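Asks: Next one to model:
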Amino acid sequence: MNKPMKKILLTFVLLFIYSMNSFSQSELDAYQYIIVPKNYKVLKDENKYKLNTLTAFLFKKKGFQTFIDGEAYPEVLQQNPCKALTVQMVDNSNLFTSKVYLELENCQKKVVYTSKIGTSKEKDFQKSYQAALRDAFTSIENMNYSYNPSLNPIITDKALVAAVVQTNEPVKVAIPEAAAVQAIVPVAATVPLALTASEEERNRPCLFRKVLQCRPSFLLLNPFLWQYL
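Replies: Predicted coordinates for the structure are as follows:
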């Protein structure tokens, strides 16, 4: 490949990376609130290695209004939980290196942003995980984040009801005004018709019919019934 082609390819790659970064940044600009869980799924224990409180600190420092899951949320967030993103940490660590990255999910459990993978080779687990988390957060820290209400995503009622964020107020579902109450129509009782003579004859017990046609084996084993033939 000649030099002009290499320059064109390099320019294309840089433009692609820049456009992807701008897209991710605009995605985050649509959200004002960040919810950090009390414990990450991969580590189970609450605030293990103090990673959850560290995450909340980093997002607050970046300019997001950040809450630990279960704290008292502002009224606007209680009314519309879909204004917040929830943080999840993914752990790909091995025996010698801590490797983590962050995912930001909206109220529909859709990942809208994934950070770079942060790494650390510190021997102490707490120091190593915290260093890896800080490294992963640099991809968010380097963004020129600024909340823009005009970018708020359009959320349907179903997404609002199924939102992950738990509020202190019950979710109110509006009933359409056009919905009409259906009248209850009584169902007429079904009166059984009188049986005809032939139907009544067919419904009689076997003993009073031609026993030989009905259950011949029963007849042969019970000579007492021969008198009814």
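Asks: What does Thr55 show for phi and psi?
Replies: Torsion angles at Thr55 (phi, psi; degrees, to the nearest 10) stand at phi -60, psi -50.
Asks: Contacts only, for it.
Replies: By C-beta atoms under 8 Å, 6 or more residues apart in numbering, the contact set of Thr55 is 36, 87, 89, 102, 133, 137. All C-beta spots, glycine's among them, are computed from the backbone N, C-alpha and C.
Asks: Ser115 against Arg134, yeah?
Replies: No. Checked against C-beta atoms under 8 Å, the pair Ser115 and Arg134 is beyond contact range at 11.1 Å.
Asks: who has more neighbours, these two?
Replies: When neighbours are counted by other C-beta atoms under 10 Å, Ser115 and Arg134 differ, and Ser115 comes out ahead with 22 against 15.
Asks: what pLDDT does the more buried one get?
Replies: pLDDT, the model's per-residue confidence, is 96 for Ser115.
Asks: For it, which residues are in contact?
Replies: Listed by C-beta under 8 Å, 6+ apart, the contact set of Ser115 reads 101-103, 136-137, 139-140.
Asks: between those residues, which is nearest Asn52?
Replies: Each of the contacts of Ser115 was checked against Asn52 using C-beta to C-beta; the closest is Leu102, at 11.8 Å.
Asks: in a strand, that's where the closest one is, yeah?
Replies: Yes. Assessed with DSSP: H, G, I helix; E, B strand; the rest coil, Leu102 lies in a strand.
Asks: Provide the partner residues of it in its beta bridges.
Replies: Beta-bridge pairing of Leu102, defined through DSSP bridges, involves Met89.
Asks: where's it relative to Tyr145, distance?
Replies: When distances are taken as C-beta to C-beta, to the nearest Å, Leu102 and Tyr145 turn out to be 14 Å apart.
Asks: Which of the two has more residues huddled nearby?
Replies: Neighbours around Leu102 and Tyr145, counted as other C-beta under 10 Å, are more numerous at Leu102. The numbers are 23 against 16.
Asks: check contacts around the more buried one.
Replies: When contacts are counted by C-beta under 8 Å, 6+ apart, Leu102 touches 55, 87-90, 114-115, 133, 136-137, 140.
Asks: Please dump the residues you listed into JSON lines; it should also carry distance to Ser150 for every row.
Replies: Shown next, in JSON lines, are the contacts of Leu102 (distance: C-beta to C-beta, whole Å):
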{"residue": "Thr55", "distance to Ser150": "27"}
{"residue": "Val87", "distance to Ser150": "24"}
{"residue": "Gln88", "distance to Ser150": "27"}
{"residue": "Met89", "distance to Ser150": "30"}
{"residue": "Val90", "distance to Ser150": "31"}
{"residue": "Thr114", "distance to Ser150": "24"}
{"residue": "Ser115", "distance to Ser150": "25"}
{"residue": "Leu133", "distance to Ser150": "32"}
{"residue": "Ala136", "distance to Ser150": "29"}
{"residue": "Phe137", "distance to Ser150": "26"}
{"residue": "Ile140", "distance to Ser150": "21"}
